[in-house]
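Novice: Here is a sequence with its predicted model. Questions after.
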Amino acid sequence: MSEQLLTLRRLYRLLTLGVENPAAPLPFLKREAHFTQADFWLGFLTAAIPEPAVKPWFYNGAKRPRALSNLMNRTVPRSLPLKLQCLLEEQLSPEKLLYITLWTASVLNRSIHADVLHGAIACLEDQLHAAGDDLEFDALYPFFVSLRPGAAEKDELPVMGHYLQAVFRFAMLGLHAAYGDQMLSSPVLTVLRSCNFSDPRILWQAARDTAPSLPERDYPAFIRTMGVERDGVDSGEAAAQQQLIASEMLSVRDALAQAASRLPHGSGNAGWYVVANWMDNCVNLNDRPQSTYDGAEELGTIPNGRLIYVLSAPGYRGLHSSSGIWGKVFFRDQMGYVPMNLLVRVDTDMDNI
């Protein structure tokens, strides 16, 4: 029976196998990412280190380097190549760890709740500890347990902050898996284990401060805009918000040129809705009533907090209670469909605008 070790391969399998459900496994990794194991870990490391310095250990022309299997599986002692280890020791820092965490968050399936990802990581850690084969991991097991969310922290963090805490835990496991049997002797890993990002509140604030400066080509909008995400709205902004809502309602009404298109409030759940996706800060506008996973084409996105008029949404049951329900909308001169599970109904009489 093979030893149960903390390896890059084991962590990658955690992401690709994901959550079991009656239909099919729901992976933690985005389906559209199309990562191979080597692709994922190359992207993981190059979030912190320039790609030309790292890539030779993952790809060598059309061939895979001989040492790659050792790196993924820890099949030999000192499975991390010495030159790559020296590079990591020189380049890694708490700031680079933050970049790795944000990159990893950008390629995961955010439709899976943070609690599920936290639970899957904890289950893997407990299995490795119970097996007792990985002496280096066993020595650090109390540290990894200390990163698990407490009730107080969960209450204090927004949804995305709680999710980022789970991704940080995965990132730390990934770096330790890369070092293999050298994880205890690495000076830079010692620094990372003692950095204050282990406090999810500090991690969340650092992520919000860093996100707006991330390059657009490497990080999606939901990562780059988390720095302007709000957990609440103070009362002083109420008047300005009401004015904005009135303006938005006018512009949407004018866009729907034909009165016949503006169905009476309540017919087929037609009416005014606000985009309320606080994890991604937007919803997709698709060309048909299905997800891009199922073949729809994304026409664009509608930003969080935007007031829109939905022409019809049969079956709408409320925010976070309308999975699989799509609403027909006219937005920026395009007719398309939006996921109603991420929209909240607004009671207002548009004909009295």
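Specialist: Everything's here; your move. Numbering: from 1, shown residues only.

Novice: okay, now the domains of the chain?
Specialist: For the chain, the structural domains run 8-228, 235-352, going by automatic domain parsing.

Novice: quick one: contacts for residue 298?
Specialist: Listed by CB atoms under 8 Å, 6 or more residues apart in numbering, the contact partners of residue 298 are 284-287, 292. Bear in mind the C-beta positions are built from the backbone N, C-alpha and C, glycine included.

Novice: oh sorry, the question was meant for residue 308
Specialist: Residue 308 makes contacts with 252, 272-275, 302, 329, 331, 338, 343, as judged by CB under 8 Å, 6+ apart.

Novice: swap in residue 329?
Specialist: Counting by CB under 8 Å, 6+ apart, residue 329 makes contact with 285, 302, 308-311, 335-338.

Novice: What about the contacts of residue 308, which are in strands?
Specialist: Cross-referencing the contacts of residue 308 with the strands (criterion: DSSP state E) gives 272-275, 302, 329, 331, 338, 343 as the overlap.

Novice: Which one of the domains of the chain has the poorest average confidence?
Specialist: Among the domains of the chain, domain 235-352 carries the lowest mean pLDDT, at a mean of 71.

Novice: Same list, the domains of the chain, but as CSV with distance to residue 2 please.
Specialist: Below are these laid out as CSV (distance: least, CB to CB, whole Å):
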stretch, distance to residue 2
domain 8-228, 9
domain 235-352, 34
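
Novice: quick one: what helix or strand has the residue nearest to residue 92 when sequence neighbours are not counted in it?
Specialist: The spatial neighbour of residue 92 that comes closest, neighbours along the chain excluded (CB to CB, 6 or more residues apart in numbering), is residue 188 at 4.6 Å. Per DSSP states H and E, residue 188 falls inside helix 187-194.

Novice: Which residues does the next helix-or-strand element following that helix contact?
Specialist: For helix 187-194, the following helix or strand on the C-terminal side (DSSP H and E) is helix 200-210. Residues from elsewhere that reach helix 200-210 (CB under 8 Å, 6+ apart): 98-99, 101-102, 149, 153, 156-158, 160-162, 164-165, 168, 196-197, 226-227, 229.

Novice: sorry, back to before: which two of the contacts of residue 298 have the greatest separation?
Specialist: In these, two members sit farther apart than any others by CB to CB. They are 285 and 292, at 11.0 Å.

Novice: ok, those two, which is more surrounded?
Specialist: Neighbours around residue 285 and residue 292, counted as other CB atoms under 10 Å, are more numerous at residue 285. The numbers are 21 against 13.
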